[in-house]
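Asks: could you work out the structure for the sequence below:
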Amino acid sequence: MRKALLKTIIFGVIGMFALSEPVPAQQAGTASEPYSATAIHALPGQPETTGKIIKSGQNLRMEFTQNGKPVIQILRPADGVMFILDPATKSYFEVRGPAVPVPNDGYTTPCPDNQASEICQLVGTDTVSGIDVEKWAISTQPGTQPMVILWDSTRRRALRQEFPDGSVTAMAFQAMEDIAGRTAEHWKIIVTAPGQESRSGDWWFDPELRLVLREDLPTGESRRLENIVVGQVDPSAFQVPAGWTRRELPAPQAQQPQQPAPSGN
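Replies: Residues are numbered from 1 along each chain as shown. Presented below is the predicted three-dimensional model:
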């Protein structure tokens, strides 16, 4: 596996098939049951990218093609480990990091580590589409103007975000709809900004699985799950196959010190 390919995988592919959330600090929702699905990702003007995902608790397995090569990526956040597998050579890389605590299936906040702090404060309550939500003020650092969000703990989603620059991202419930063989909530996303035309998108949420089935973002980007199969997942899906060769990650290249320009005579 080429170094350039590995770098692309590590830094660019982790979130390729993960259905995104608008608040960087919030926890990603965890499906209530294990499942597998086909994940499809599309950017404006580009062909769709398709892969397979297998999810059980926090553990995630992604199978996709990168630069014409099959790649398997296994993430086990509770163990603080990610494996990048190259089926063509039956080899793999191992990336270690801090362990991520298993998220609480009950009440959650949008704060880092799920804890209120000086930069993430509960300031009230509100209602969105008949749903009781919490109002949180989130700052990048103490003393700065906060972003205000209306937080739905059940969906682990900000149903409204008000940014310091005056832009707003708001969601409104539309109807229950059948999508990908599941019954899902359909929400409309409206983005407004001072001096700009509003943009809209759509979001479908499976309340039984607590899983985002599809989102069509205002930017034109879209992600969706198809061929969803709910049921127990073989634990071996999150293990490196026996007999595969572990390879060391390429050492980062040190930057060469810049030579001073020659002085003129």
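Asks: quick one, helices of the stretch 101-250 of the chain?
Replies: Ranges of helices within the stretch 101-250 of the chain: none, based on DSSP state H, counting those that start in this stretch.
Asks: all strands for it, in order.
Replies: Under the criterion DSSP state E, counting those that start in this stretch, the stretch 101-250 of the chain contains strands at 120-128, 131-138, 147-152, 157-162, 168-179, 182-192, 199-206, 211-216, 222-230, 245-246.
Asks: chain center to the fourth one, what's the gap?
Replies: For strand 157-162, the gap between its own C-alpha mean and the chain's C-alpha mean amounts to 16 Å (CA atoms, centre = their mean, to the nearest Å).
Asks: can you point out the buried residues in stretch 86-100?
Replies: 86, 92, 93 (16 or more other CB atoms under 10 Å). For glycine as for every other residue, the C-beta is placed from the backbone atoms N, C-alpha and C.
Asks: ok, stretch 187-196 next?
Replies: Buried residues in stretch 187-196, counted by 16+ other CB under 10 Å: 187, 189, 191.
Asks: just to revisit the earlier point, mind putting the strands of the stretch 101-250 of the chain into a markdown table with distance to residue 54 and mean pLDDT?
Replies: Below are the strands of the stretch 101-250 of the chain laid out as a markdown table (distance: least, CB to CB, whole Å; pLDDT from 0 to 100):
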| stretch | distance to residue 54 | mean pLDDT |
| --- | --- | --- |
| strand 120-128 | 33 | 96 |
| strand 131-138 | 31 | 96 |
| strand 147-152 | 27 | 97 |
| strand 157-162 | 23 | 96 |
| strand 168-179 | 20 | 97 |
| strand 182-192 | 17 | 97 |
| strand 199-206 | 17 | 97 |
| strand 211-216 | 13 | 95 |
| strand 222-230 | 9 | 95 |
| strand 245-246 | 22 | 96 |
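Asks: contact partners for residue 95?
Replies: When contacts are counted by CB atoms under 8 Å, 6 or more residues apart in numbering, residue 95 touches 10, 81, 82, 83, 84, 249.
Asks: how about it, phi and psi?
Replies: Main-chain torsions, residue 95, degrees, to the nearest 10: phi -120, psi 120.
Asks: and it, how far is that from residue 79?
Replies: Note on residue 95: its distance to residue 79, by CB to CB, to the nearest Å, is 11 Å.
Asks: near residue 151, how many other residues are there?
Replies: 26 (other CB atoms under 10 Å).
Asks: which stretch among the strands of the stretch 101-250 of the chain comes nearest residue 47?
Replies: strand 222-230 (12.6 Å; CB to CB).
Asks: residues in contact with that closest one?
Replies: 17, 19-20, 33-42, 53, 180-182, 209, 211-216.
Asks: pull out the buried residues from these.
Replies: Listed as buried from the contacts of strand 222-230 are 17, 19, 34-42, 53, 180, 182, 209, 211-216; burial here means 16+ other CB under 10 Å.
Asks: what about residue 52, neighbour count?
Replies: 15.
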